[in-house]
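**Student:** predicted model and sequence below, questions to follow.
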Amino acid sequence: QVQLVESGGGLVQPGGSLRLSCLASGTIFSINAMGWHRQAPGKQRELVAAISSGGSTKYADSVKGRFTISRDNAKKTVYLQMNSLKPEDTAVYYCTTGPNSATWTGIRWNYWGQGTQVTVSS
């Protein structure tokens, strides 16, 4: 059974930084794509960042240059470093995983963590 456990959320002031972590178990971590999605109140869930098993990355336009996704296959952990945070980054952030695909839109995010709240406010 696949389990994804996020940590690292919290309250931060605008311009601040947070690092989210996600520990995976029950899956062959090294061959899966990993991603971070977020959902803000009243908004649709969106893909924030993704990383393939080979280390290729993709970012939503709204976070390019501010967020960095990385993975440590030995630790079965994926990270999301978030810098220059803005109030509009406030959301519940979910760690997700699924089989690699030839295209980013073809990834089926089959498994989701429970989510961690990120609040950006002064």
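**Tutor:** Now that the structure is in, tell me what you want to look at. Residues are numbered from 1 along each chain as shown.
**Student:** please count neighbours and contacts with C-alpha atoms only from this point.
**Tutor:** Noted.
**Student:** center of the chain, which residue is that?
**Tutor:** Centrality entry for the chain: nearest residue to the mean C-alpha point is residue 36, 2.0 Å, by CA atoms, centre = their mean.
**Student:** so that residue sits against residue 92, correct?
**Tutor:** No - with contacts counted by CA atoms under 8 Å, residue 36 stays clear of residue 92, the gap being 10.2 Å.
**Student:** picking that back up, so the residue nearest to the centre of the chain, which state does it fall into?
**Tutor:** Three-state call for residue 36 (DSSP: H, G, I helix; E, B strand; the rest coil): strand.
**Student:** and it, how far from residue 109?
**Tutor:** Using CA to CA, to the nearest Å, residue 36 is found at 10 Å from residue 109.
**Student:** quick check: neighbours shared by these two?
**Tutor:** Listed as contacting both residue 36 and residue 109 by CA atoms under 8 Å, 6 or more residues apart in numbering are residue 96.
**Student:** all helices for the protein, in order.
**Tutor:** For the chain, applying DSSP state H gives no helices.
**Student:** what are the ranges of the strands in it?
**Tutor:** Along the chain, counting by DSSP state E, strands occupy 3-7, 10-12, 18-25, 32-39, 46-51, 57-59, 67-72, 77-82, 91-99, 111-112, 116-120.
**Student:** now do the first one: which elements does it pack against?
**Tutor:** Spelled out, it's strand 3-7. strand 18-25, strand 91-99, strand 111-112 (3 or more CA pairs under 8 Å, 6 or more residues apart in numbering; DSSP states H and E).
**Student:** do the last one as well
**Tutor:** Other elements packing on strand 116-120 under the criterion 3+ CA pairs under 8 Å, 6+ apart are strand 10-12, strand 91-99.
**Student:** which one of the ones you listed is the most hemmed in?
**Tutor:** strand 91-99 (a mean of 23; mean count of other CA atoms under 10 Å).
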